[in-house]
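**Student:** this one's structure only:
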């Protein structure tokens with residue numbers, strides 16, 4: 001791996017830990033701050049809200065600066081607000097800190113995706129982007145389980161100290177190893193925003209927000225699925241989540257190769273359809289522990305194989321608005337996180353068992369594939385019209 005890409009992977013690692021570790025720390029935070037579990041759950045929503053707000057806003061503000069300076073500034077924000085989380089005296093301060101910590105998330109991945117695609121070897125752009133997203137998968141393999149263990153056995157605040165340390169290492173690596181790419185010349189914000197008047201932009205946003213929500217319909221309720229249906233012990237869940245993280249790591253790298261070999265749009269359609277199929281299989285095999293473990297790995301792999309194709313799809317479609325569009329795709333991913341968890345919980349609230357959320361996820365993945373297919377058809381029609389004009 002190039003050192004320049006390693007800096008982006010480190011950033012993804014820190015972001016991945018702070019985003020996903022909250023699920024495991026909720027009981028510890030609730031007990032320490034004397035709040036309920038549902039109140040502690042609002043801290044997850046606060047971070048997601050920060051991502052949705054910050055992704056487009058920070059790019060609009062900082063998009064005319066050189067990418068290296070933007071990434072360093074975003075990582076300074078990320079590190080500072082996670083430090084505030086570590087030392088937050090009470091619930092309300094922690095809620096604000098989590099909201100602020102989410103602000104640079106989408107913008108970092110948006111700018112980082114464009115940088116990765118530019119410094120990559122020709123024909124390997126999506127693979128370069130997948131190396132940045134590998135940080136998220138490594139976080140799920142090692143960072144999140146370690147942070148959860150420390151939170152359970154010592155103090156949850158130490159977990160955020162670890163995130164701060166990763167943020168500081170990322171800052172130094174960005175300064176030392178990331179090439180100084182030029183800023184966008186003659187930037188026209190009004191022209192960049194014109195991209196969002198195009199139907200293609202909204203087809204991709206809907207594909208991400210609804211299609212990737214299928215992952216979170218499954219992942220949000222994976223713990224009770226494994227304990228109540230697959231009959232695993234509660235102590236084994238951490239290790240099974242590491243298995244899911246390994247699947248995400250493998251799938252993420254495979255998704256980058258697929259997008260480079262075929263096209264991001266075609267890869268997205270195929271992977272969303274496969275995701276729908278894997279979720280159906282999860283429903284029927286969850287009573288078997290061995291098959292549950294196999295499908296946990298496979299479903300994690302398929303879900304994260306989408307990361308690079310959808311990011312490259314947005315970048316390729318938004319010529320002239322790449323950083324803004326790529327950051328919006330990350331905001332859309334977090335909307336998918338919230339939608340998947342909410343919609344996946346509806347059948348549970350209605351009294352159905354813990355396999356029912358995967359059917360919601362299946363419908364969401366199929367809907368996302370439909371939007372991706374509509375985008376492909378629209379692009380073919382556009383190319384046909386242009387060829388007719390040329391002739």
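**Tutor:** Sure, I can see it. This one's a predicted model, so the numbers in the text were calculated from it and none came from an experiment. Residues are numbered from 1 along each chain as shown.
**Student:** helix/strand/coil for residue 231?
**Tutor:** coil (DSSP: H, G, I helix; E, B strand; the rest coil).
**Student:** where in the stretch 101-250 of the chain is pLDDT low?
**Tutor:** Along the stretch 101-250 of the chain, the model assigns pLDDT under 70 to residues 184-188.
**Student:** swap the cut-off to 90 and go again
**Tutor:** 106-107, 109-154, 178-201, 212-228, 231-242, 244-245, 248-249 (pLDDT under 90).
**Student:** in contact with residue 108, which residues?
**Tutor:** Residue 108 sits next to 11, 15, 71, 74-75, 78 when contact means C-beta atoms under 8 Å, 6 or more residues apart in numbering. To be clear about C-beta, it is placed using only N, CA and C from the backbone, and glycine gets the same treatment.
**Student:** which two of those have the greatest separation?
**Tutor:** 15 and 71 (12.0 Å; C-beta to C-beta).
**Student:** look at those two and report which has more neighbours.
**Tutor:** Between residue 15 and residue 71, counted using other C-beta atoms under 10 Å, the more crowded position is residue 15 (31 against 26).
**Student:** wait, doesn't the more buried one sit right on residue 137?
**Tutor:** No - checked against C-beta atoms under 8 Å, the pair residue 15 and residue 137 is beyond contact range at 11.9 Å.
**Student:** give me the secondary structure label for residue 355.
**Tutor:** coil.
**Student:** and it, backbone torsions?
**Tutor:** phi -90, psi -10 (degrees, to the nearest 10).
**Student:** contacts only, for it.
**Tutor:** Residue 355 neighbours (C-beta under 8 Å, 6+ apart): 225, 229, 282-283, 286.
**Student:** could you do residue 49 as well?
**Tutor:** Residue 49 touches 99, 102, counting by C-beta under 8 Å, 6+ apart.
**Student:** okay, it: pLDDT?
**Tutor:** Note for residue 49: predicted pLDDT of 86.
**Student:** ok, now how distant is it from residue 19?
**Tutor:** For residue 49, the distance to residue 19 (C-beta to C-beta, to the nearest Å) stands at 13 Å.
**Student:** do the same with residue 217
**Tutor:** To residue 19, residue 217 is 18 Å away according to C-beta to C-beta.
**Student:** quick one, which of the two is more surrounded?
**Tutor:** A count of neighbours by other C-beta under 10 Å puts residue 217 above the other of residue 217 and residue 19, at 29 against 23.
**Student:** element containing that one, please.
**Tutor:** Element membership for residue 217, per DSSP states H and E: helix 213-219.
**Student:** now do the helices in the stretch 101-250 of the chain.
**Tutor:** Here the stretch 101-250 of the chain has its helices, by DSSP state H, counting those that start in this stretch, at 125-138, 144-153, 156-177, 189-193, 199-206, 213-219, 222-224, 237-261.
**Student:** out of those helices, deepest packed?
**Tutor:** helix 213-219 (a mean of 28; mean count of other C-beta atoms under 10 Å).
**Student:** what distance separates that helix from the middle of the whole chain?
**Tutor:** 12 Å (C-alpha atoms, centre = their mean, to the nearest Å).
**Student:** same for that helix, what does it pack against?
**Tutor:** In this structure, helix 213-219 makes packing contacts with helix 264-285, helix 289-304, helix 322-349, helix 357-390, judged by 3 or more C-beta pairs under 8 Å, 6 or more residues apart in numbering; DSSP states H and E.
**Student:** make it 10 Å
**Tutor:** In terms of contact count using 3 or more C-beta pairs under 10 Å, 6 or more residues apart in numbering; DSSP states H and E, helix 213-219 is assigned the packing partners helix 237-261, helix 264-285, helix 289-304, helix 322-349, helix 357-390.
**Student:** pLDDT averaged over whichever helix or strand comes after the third one - what is it?
**Tutor:** Towards the C-terminus, the helix or strand next in line after helix 289-304, according to DSSP H and E, is helix 307-317. Average pLDDT, helix 307-317: 85.
**Student:** report the angle between helix 307-317 and helix 357-390.
**Tutor:** Put simply, helix 307-317 runs at 30 degrees to helix 357-390, going by axes from the mean of the first three to the mean of the last three C-alpha atoms, to 10 degrees.
**Student:** how far does helix 307-317 sit from the chain's center?
**Tutor:** 13 Å.
**Student:** now swap in stretch 136-143 and tell me
**Tutor:** Chain-centre distance of stretch 136-143: 12 Å, with C-alpha atoms, centre = their mean.
**Student:** cool, stretch 153-161 as well?
**Tutor:** Using C-alpha atoms, centre = their mean, the offset of stretch 153-161 from its chain centre is 23 Å.
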